[in-house]
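In: compute the structure for the input listed below.
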Amino acid sequence: MPLSCIVFDCDGVILESVNVKTEAFARVAEPFGADARDRLVAYHMEHGGVSRYKKFEWLYREVLGREITSDEMDDLGRKYADYAFEGVLNAPMVPGAHDVITAWHGRVPLYVCSGAPHEELVHILTERGLARYFEAIYGSPPGKTDVLRRAVEKAAVPPSETVMVGDAKTDMTAAEAVGTLFYGRGEAFAATPHPWGHDLTQLNMWLEGIAKG
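Out: Down below sits the predicted model:
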């Protein structure tokens, strides 16, 4: 089976920024009380890769008992971005990520598909000097399945020859829905049929194996 395309999530796959964003969610929800804070953090950790705005909607509906207004959504979005932005810009890369990206750049098209807002995602990867490695960078909206499908269609390759690299269940379910291969970052994937690693230091070896058929 040839390898024709690689798609990366960003937080927890390219950048070690998951904890930064978890802390940002905690700070956003703190004014609503400790219970709201803890429940939002737990929901965020269970639904990695889902848009922050969907998480804010959930907080209001399921925890606060009402629908969020557009002004409240904008306010939480601004606060979250302020809390998280500097931390993400300064976050180290996931071990092995730079090696994988540079090894495959120019060999197959590389894409980023993330639940982070598109403009913010592009800005961060540009500031980090990483945007130049990717054919395209896709953020939310829409959801992860739709952006992964968009990347595969833009690359004009079969899904079965594409690898999605992710660290969240949403990444895995998107790969399964689109029909791509999947490589998981983290022990959460140990009980799944998909290959995985604690970081990306073993990913190159696995990718080379696919490329050689």
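In: not counting its neighbours along the chain, what's nearest L121?
Out: Nearest non-adjacent residue to L121, counting by CB to CB, 6 or more residues apart in numbering: G139, 3.9 Å away. The C-beta positions use only the backbone N, C-alpha and C, and glycine is treated the same way.
In: test my guess that that neighbour contacts I124.
Out: No. Between G139 and I124 there is no contact, the gap being 9.8 Å when judged by CB atoms under 8 Å.
In: what is in contact with those two at once?
Out: Common contacts of G139 and I124 (CB atoms under 8 Å, 6 or more residues apart in numbering): A116.
In: more neighbours: those two, which one.
Out: Remark: of G139 and I124, I124 carries more neighbours, 25 against 21, as counted by other CB atoms under 10 Å.
In: ok, the more buried one to R61 distance?
Out: 29 Å (CB to CB, to the nearest Å).
In: is the residue nearest to L121 in a helix, a strand, or coil?
Out: Following DSSP: H, G, I helix; E, B strand; the rest coil, G139 is assigned to strand.
In: pLDDT value on it, please?
Out: For G139, the model assigns a pLDDT of 93.
In: which stretches of the chain form strands?
Out: Listed in chain order, the strands found in the chain under DSSP state E are 5-8, 110-117, 136-140, 162-166, 181-185, 196-197.
In: please tabulate the ones you listed in JSON lines, including the columns distance to E57.
Out: Output for those, formatted as JSON lines (distance: least, CB to CB, whole Å):
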{"stretch": "strand 5-8", "distance to E57": "26"}
{"stretch": "strand 110-117", "distance to E57": "14"}
{"stretch": "strand 136-140", "distance to E57": "13"}
{"stretch": "strand 162-166", "distance to E57": "23"}
{"stretch": "strand 181-185", "distance to E57": "27"}
{"stretch": "strand 196-197", "distance to E57": "30"}
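In: which one of those lies closest to P31?
Out: Evaluated over the strands of the chain, closeness to P31 peaks at strand 110-117, with 22.2 Å, by CB to CB.
In: just checking, what packs against that closest one?
Out: Counting by 3 or more CB pairs under 8 Å, 6 or more residues apart in numbering; DSSP states H and E, the packing neighbours recorded for strand 110-117 are strand 5-8, helix 52-58, helix 118-127, strand 136-140, helix 144-155.
In: burial measure for G48, as a count.
Out: G48, neighbours per other CB under 10 Å, totals 22.
In: got phi/psi on the residue nearest to it when sequence neighbours are not counted?
Out: Nearest residue to G48, sequence neighbours excluded (CB to CB, 6+ apart): A168, at 3.1 Å. The phi and psi values for A168, taken as degrees, to the nearest 10, are phi -130, psi 160.
In: ok, now which ones touch A168?
Out: By CB under 8 Å, 6+ apart, the contact list for A168 reads 9, 12, 47-49.
In: for ChimeraX, what selects the buried ones among those residues?
Out: Buried members of the contacts of A168, defined by 16 or more other CB atoms under 10 Å, are picked up in ChimeraX with:
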select :9,12,47,48,49
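In: restricted to helices, list the contacts of A168.
Out: The helices, defined by DSSP state H, take in nothing from the contacts of A168.
In: tell me the one among the contacts of A168 nearest to F85.
Out: G12 (16.8 Å).
In: how close does the closest one sit to E67?
Out: For G12 relative to E67 (CB to CB), the value is 30 Å.
In: again, but for Y83
Out: Computed as CB to CB, the Y83 to E67 distance reads 24 Å.
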